[in-house]
Structure formats: structure tokens, C-alpha cells
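1. the following comprises the amino acid sequence and a computationally predicted model.
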Amino acid sequence: MAHGRETFNLSSPFTATGRFRLGLESRKWINEHLPELRRKYPNKTVIVCEGRVVRAIDEPVDPLQVNEVARRLCRGRDWSYTYVSEREEEYIL
Amino acid sequence: MILIDVEVYNNVKKLYELFEAIVDTGATFCVMAEHIARKMGVVPREKEGKIHLWQVDGPLVLSESIFRIRYREKEQNVEVVIVSLCEDYLRLATPNEICERPTTPHPLTSRIILGKSFLDKLGEGERKEILVSSFSLPRFASSQAEPE
């Protein structure tokens, strides 16, 4: 595992040392599609890979479990996850 | 609410784990739930003892620790606090609990909070990108046009 400092370039999904940046495109996709996700997957945890939902889990899940599943399903590809709460923002101070 | 992804080093598995994170500009520290921290081998800094913070209705006394966080290319050691959550808050509310708690599970069930201890380690460009750019979520689903 590389722990060294790497070059910063926001436009590329890869770092200068060739490591894939996790969660860059998929996070953007989640944030852009949240209204649709709320309608289709209310109160589920979804794993998103390359612009589509690859797994929906029926409850909020420990992120470590999500990572295990996602590493298996999305090996070598960009992925991210979110818990799709129906109305969460209303409940945070 | 601003949601981003960061990777946090898991001291038990010896690898980085991806976390969905709430960016909270009003929080001094980053926050992780104790049940997750324990699984990741995050050790509280007992020498310094507990940290005392104010929350809305009273003091909050928490353990401090350090995370190794990777955001984009950069790795940082970041000060965090560990909070113990009631197990019942890790799920949706049941009908007889409504009016006693929010319906949704506690936000730290599946996320971490990134506070000033993380944001201060970023460059100005990265901070601006997080706070101003498309990482910000639409506030409520009903007020947003749906994607094709």
C-alpha cells in the first residue's frame, strides 16, 4: 500500500501513482440523483458503482460491512454508498 | 447537508475503508460512533483523558483519538472524538417511539462527521470545492427536479 504523498489533480479519477480514487464520480452521481434514490430506495443503504445502484440493503448498515460487499462487487472500479433516508435533513440540527 | 467520501485507515484490517461523511463546519472535531471505531482498532487517547464539549442542551464528554484519513491523494492524521450511541438509535423508530426521537436512524450509524480538525488540513481549493461545489445536496427531494 502506498502511503506517500501524491500529486493533486481533481480532473482525473486516477492519482499520479495510478491508484484509483474511490468515491469521486460515484459520490457526485449519488448527490445529483438523491431525489430519485429517495423515491426508489427509501430507508435503504445503496452501493453505487459507475452510475448505477449495484446493491440495495434494507436498512442502515455499518460502513465496514458496506466496504466488504462493495469491494467484492466493484473491484477496481469507482464506487460509493449512501444511506437513503426519506427525510433525514429535517432531523439534523 | 454536504456529503463527501473519505477513506479512513482500519488498523485491524490494515487497509483504508470508504466512509460517507457529513461535513460540519460548526464541529471542532471529526466524530465516529464507538461501535465502528472499536471494529477499526481506533484507540482512545486515555492519557489526556476525556474531552468536554458543549452541545445544544448540555455538556458532552467524549474520548479523543487520531484517525488516518485519506481524502483524494492526501493522507492526514486528524483529531477525532468517539461517541457512544444507544443501540436503539441505529435503526428506524418504531411507532411507539415517534415523538420521542427522530424517525430516522442516528446519522452516525453509517457515516462519520468531518469537522474543523479535518477541514483545516485541506488546501483552500479543496475546502472551497467541498463547501461550494456540487457535493452539496439538494435540501429536500420534493423541491428538486428529478433526473432523467
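-> Done, it's in.

2. packing partners of the lengthiest helix in chain A?
-> Longest helix in chain A by number of residues (criterion: DSSP state H): helix A:63-73. When contacts are defined as 3 or more CB pairs under 8 Å, 6 or more residues apart in numbering or on different chains; DSSP states H and E, helix A:63-73 sits against strand A:44-49, strand A:52-57, strand A:79-84, strand B:15-23, helix B:34-39. Bear in mind the C-beta positions are built from the backbone N, C-alpha and C, glycine included.

3. contact partners of that helix?
-> Here helix A:63-73 makes contact (CB atoms under 8 Å, 6 or more residues apart in numbering or on different chains) with A:45, A:47, A:49, A:54-55, A:57, A:79, A:81, B:10, B:17-20, B:36, B:39-40, B:110-111.

4. close to chain A, is stretch B:82-101?
-> Yes - judged by CB under 8 Å from any CB of the partner chain, stretch B:82-101 comes into contact with chain A through B:90-92.

5. quick one on the thing from earlier: could I get the helices and strands packed on helix A:63-73 as JSON lines with mean pLDDT and mean neighbour count?
-> Output for the helices and strands packed on helix A:63-73, formatted as JSON lines (pLDDT from 0 to 100; neighbours: other CB atoms under 10 Å in any protein chain shown):
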{"stretch": "strand A:44-49", "mean pLDDT": "96", "mean neighbour count": "22"}
{"stretch": "strand A:52-57", "mean pLDDT": "96", "mean neighbour count": "16"}
{"stretch": "strand A:79-84", "mean pLDDT": "94", "mean neighbour count": "26"}
{"stretch": "strand B:15-23", "mean pLDDT": "95", "mean neighbour count": "20"}
{"stretch": "helix B:34-39", "mean pLDDT": "95", "mean neighbour count": "18"}
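
6. next, the residue lying closest to B:Lys116 once chain neighbours are set aside: phi, psi?
-> Take B:Lys116 and drop its neighbours on the chain: the residue closest to it by CB to CB, 6 or more residues apart in numbering or on different chains is B:Thr28, 5.3 Å away. Phi and psi for B:Thr28, reported as degrees, to the nearest 10, are phi -70, psi -40.

7. so B:Thr28 is in contact with B:Phe118, correct?
-> No - checked against CB atoms under 8 Å, the pair B:Thr28 and B:Phe118 is beyond contact range at 10.6 Å.

8. understood, closing this out.
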